[in-house]
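Novice: build me a structure from this.
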Amino acid sequence: MKTLAFTRANDLLAPAAPSNNGLKISLAPLTGVWNSTNEETRGIIKLILSDSEGILLVQCFGAGETSSIDWGTINGEAFAGTVGTTEGVGFKASYDFGFLQTRLAAYLNKRILVVDTYNTFKDNSGRSNYFMRDHFYQRFN
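Specialist: Have a look, this model is predicted:
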């Protein structure tokens with residue numbers, strides 16, 4: 001069996017394009033406070049993304065009965081748009097709440113952060129695993 005070096009043309013770095021030489025992905029486009037575009041959401045209402053010495057920190061806040069629920073801060077993994085660039089355009093992260101695991105997959109679409117969540121119950125409660133897609137924006141003063 002032949003070992004693959006790429007699975008699609010996007011994985012190839014054109015010979016004329018500069019390599020990122022293992023440089024860290026710039027987190028600047030992702031960082032900041034992101035607010036849900038849906039004021040009635042029962043999912044994530046806010047994310048705070050920050051850069052801690054090149055590590056993406058993700059802090060989510062879920063909708064609660066009377067106030068938001070802080071999910072805590074975890075490390076995320078940032079992604080660039082192509083193999084030859086270093087500007088961050090997306091990330092993934094995973095929360096484990098014991099009874100539930102929530103995996104986040106997010107990307108920038110212009111100045112909107114699109115966040116997909118894949119939620120898997122681990123408590124034998126009979127609840128269905130579910131998917132959600134939410135959109136977030138940043139306020140600029």
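
Novice: how many neighbours does His135 have?
Specialist: 15 (other C-beta atoms under 10 Å). From N, CA and C alone the C-beta is placed, and that goes for glycine too.

Novice: wait, what's in contact with it?
Specialist: Counting by C-beta atoms under 8 Å, 6 or more residues apart in numbering, His135 touches Ser36, Thr37, Asn38, Ile112, Leu113, Val114, Val115.

Novice: run a quick neighbour tally on the first one.
Specialist: Ser36 sits with 20 neighbouring residues when counted by other C-beta under 10 Å.

Novice: can you check the third one too?
Specialist: As a burial measure, the neighbour count of Asn38 was computed by other C-beta under 10 Å and equals 14.

Novice: please identify the helix or strand for it.
Specialist: Using DSSP states H and E, Asn38 sits in no helix or strand.

Novice: so it is in contact with Phe136, correct?
Specialist: No - using C-beta atoms under 8 Å, Asn38 is not in contact with Phe136; the gap is 9.5 Å.

Novice: downstream of the longest strand belonging to the chain, the next helix or strand is which one?
Specialist: Longest strand in the chain by number of residues (criterion: DSSP state E): strand 69-80. Going down the chain from strand 69-80, the next helix or strand is strand 88-96, by DSSP H and E.
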